[in-house]
Each structure stands twice: as C-alpha cells, then as structure tokens.
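sequence and predicted model, in that order:
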Amino acid sequence: MTPPTESHAQRAGRMPRFERRVLLGGLLVAAPAWLLVGALLLSGPWNATLRWALLIAAAVVTLWLARWHHRRVSYPLYTLSSLLEALRQGDYSLRGASNSVLGDVIYDINALAERLQHERLEFEESSYLLGKTLAALDSAVFVFDSERRLRLANPAAQQLLDASRDRVFGRTAAELGLESLLDGPDTQLLARTFPGRNGRFEVRQAALRSGGRGGRLLVINDVGRVLREEERQAWQRLLRVLGHEVNNSLAPIQSMAGTLATLVAREPLPDDWREDFQGGLELIGHRAEALGRFLSSYSRLARLPPPQPRPLDLAALVGKLAKLEQRLPVRVEPGESLAVQADADQLEQALINLLHNAVEAALTTG
C-alpha cells in the first residue's frame, strides 16, 4: 500500500480538524491520570528537582502516547480515504493493508476494487469483440444520440457515406442525409442513392438507451448485392448441373460413334453391318434429340422442366440405354414387360446418369 495522500490541510501546514479532535481526545483521556500523578508528586517527599523531572517525564510520556494513538487512528482513515479516492477516479489497482483497526472495512473496499477491475476488464474485452464484429459486418451500422448526432459508424457505414470517421462523427442525421430514414418506419425496403453506393437497401432502426438518455440504432443492408450474389451462385449451380448432364449424354454418343467407325473400317464388312450401323445411328440421333429438348427446356425455364407423362415401356427403354454404354458390357436380365406413365426424356436422362456413374465407379474400383 502506498503512503496515504496528504489532505489539503496538511499541504497548507496545519493539522486537519478530525486529527486535532483525535489528539485532543487522547490528551483528555490521559488528563485525569496525569493530574493524579502530578498531585502525588507535588505532595510526596521528593525534592524539587526530582519532582519536576518526574512531572516533565510524565508529560512527555503522555504526549507521546497521545501522538501514537492519534497516528494509529488517523492513518487507517487516510488509507481508507486514498482507496475511496482511487475508486472515484477509476483506478481499481490500488489495495490497502487490512491489518489495521479498519481492517474489515479496507478488506471490503479491496474486494470491491477487485470486482470493479474484473468488470472493467470484461467490459473492455466485450467492447473489443463488439468493435471487431461491427468491423466485419457488411451491413452499415449507425448509432445516434438523443440529439441525432452520430456517435458510432462501422467501416461499412463509412464506405456507404464515402467518408472517414473523423468527417462524419458528431454530425447530425440531417447533415448526413439520413434523417428521413430515422423518421421512417422501423423496417423498410427502398431504392436509394448514397454517396458511396446506390441500389436497393433494407433499412432497420431501433431505440437505444445509454446513461439514461435515448438514442437510435440504424442498420442499412444492401439487399441488391445479396441478391446478385445469390443469383451468381444459382447460375453456378445450374451450370454445374448442365455440364454434368451434357457430359453424361455425350459420353455414350462418342462411344457409339467410335464403335461405328471401327465397324466401317473392317475388311470385309460383316453381313449385318447395315443393321448395326443403322441401329447405332438411330441411338445417336435419339440421344442427341433428347439432349436438345432437355437443354432447350432449361434455357427457357432455367430449371428442371415439368414432366410430361405418357405411356412408356420401361423394359424396352432400359434395354435401349444399355446399348449406349460401350466402356463395359451391360447385361440386362430379362423380365416381364412393364408399362409406366412417365416423362421419357427425364427418365431416360436419369437412367443414363445412373448407368454412367455406375460404370465410372466400376472402372475406378475394379
């Protein structure tokens, strides 16, 4: 514990009033005993020199004990005063020794200072986290006081106004061109031009209270940018789907074209080459036509077209698609004919994808 700070009276060279009272109180307590000792000395069988020597000694001892009592009482009070002054000024690091006559009080003040210091540390950490969070937000955040003067603006808000913090801090909402937003509803969507950006914005506001005074929180979010980002991601997903479908359809066409080229290059040609060649061309033409319809529907709707169910021989469709795969032999177990109501193009596309993925998995894993 640092030494007690001096009071104004001490700095002026005189003893404070409460110290004088403590000292006078000690002297008054000792006065009866001192008078009794004096009376005994004056009436006793001692010579004058010894009598005065004993009186002076008694007076010195009395004054010394009074001064000791004064310091024992006043110094803990100075310590207590210093601790309270430190708390008042926001210094929570000062601690007092609790082994004095005011030990319990000083112990409680030390505990209070430690708690306040811990709460200040938590507040500073929370403020730092809040600052980092606001800095990372894409939304523009403004905080106005009761007089509608700007007290906080995150980096997104500064970009929206195309101005640094020093230029906007302390200015009114009217000067910043935001007063109409504060006067509007709590939630609104509008198209607006700001100094740093224009487009469609979602505006939200709410009341705040700090230190018993009101304020307003204003949050502006660029929904146009969000929608553009979502649209970009949607187109990326659509392109991935279309690429997958096109690749799966072109693979059997390419494979069948290679088979037909090998067939034509044979010398001599087999007897049934015309039938095989015609069947291969029909499969290629049918697959290309189905793929064209599929892509045309996507280009019109940018989504999977609604199915057009019609009677369909499922066994014949599976057998026809099995002939398209040339990388591995595909065996179709014979069964009963099954007629279903389905969209032939979409079901065919799904079966081609399934067969293509199955063959790729078999080639990869063996």
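Happy to help now that I have it. Here the structure is a predicted model, which is why all the values come from computation and not from measurement.

skipping adjacent residues, who's closest to residue 169 in space?
Spatial nearest neighbour of residue 169, excluding adjacent residues (CB to CB, 6 or more residues apart in numbering): residue 150 at 5.9 Å. C-beta here means a position set from N, CA and C on the backbone, and glycine is covered the same way.

buried sites along the helix or strand where residue 109 lies?
Here residue 109, judged by DSSP states H and E, is contained in helix 103-136. With burial defined by 16 or more other CB atoms under 10 Å, the residues of helix 103-136 counted as buried are 105, 106, 109, 110, 113, 134.

all helices for the stretch 1-150 of the chain, in order.
8-11, 17-43, 48-88, 103-136 (DSSP state H, counting those that start in this stretch).

domain-wise, how is the chain divided?
Using automatic domain parsing, the domain parsing of the chain gives 8-123, 134-223, 307-366.

buried deepest among those, which one?
Each of these was given a mean neighbour count from mean count of other CB atoms under 10 Å, and the largest, a mean of 15, is that of domain 134-223.

who's in contact with the residue nearest to residue 169?
142, 143, 144, 168, 169, 170, 171, 172, 173, 176 (CB atoms under 8 Å, 6 or more residues apart in numbering).

pLDDT at it, what is it?
pLDDT recorded at residue 150 is 92.

for it, list each beta-bridge partner.
Taking DSSP bridges, one obtains residue 144 as the residues bridged to residue 150.

what about it, distance to residue 349?
According to CB to CB, to the nearest Å, residue 150 stands 58 Å off from residue 349.

which residues touch residue 179?
Counting by CB under 8 Å, 6+ apart, residue 179 makes contact with 148, 172, 173.

one more time with 7 Å, if that's ok
By CB atoms under 7 Å, 6 or more residues apart in numbering, the residues touching residue 179 are residue 173.

return the distance of stretch 184-198 from the chain's centre.
Between the centre of stretch 184-198 and the centre of its chain there are 25 Å (CA atoms, centre = their mean, to the nearest Å).

check stretch 201-212 too.
With CA atoms, centre = their mean as the basis, stretch 201-212 stands 19 Å off its chain's centre.

same deal with stretch 219-239?
On CA atoms, centre = their mean, the centre of stretch 219-239 falls 22 Å from the chain's centre.

who's in contact with it?
Contacts of stretch 219-239 (CB under 7 Å, 6+ apart): 139-141, 160, 189, 197, 199-204, 302.

and the residues you listed, which is closest to residue 339?
Using CB to CB, residue 302 is the member of the contacts of stretch 219-239 that sits closest to residue 339, with 32.8 Å.

distance of residue 74 relative to residue 239?
Distance check for residue 74 against residue 239: by CB to CB, it reads 86 Å.

for residue 103, same thing?
According to CB to CB, residue 103 stands 78 Å off from residue 239.

where in the protein is pLDDT low?
Within the chain, the stretches with pLDDT under 70 are 1-46, 48, 50-51, 70, 98-102, 210-212, 226, 298-305, 366.

for it, longest strand please?
strand 198-210 (DSSP state E).

list the helices and strands that strand packs on?
Counting contacts by 3 or more CB pairs under 7 Å, 6 or more residues apart in numbering; DSSP states H and E, strand 198-210 is packed against strand 187-193, strand 213-222, helix 223-264.

if you set the cut-off to 10 Å instead, what comes out?
Helices and strands touching strand 198-210, by 3 or more CB pairs under 10 Å, 6 or more residues apart in numbering; DSSP states H and E, are strand 140-144, helix 179-183, strand 187-193, strand 213-222, helix 223-264.
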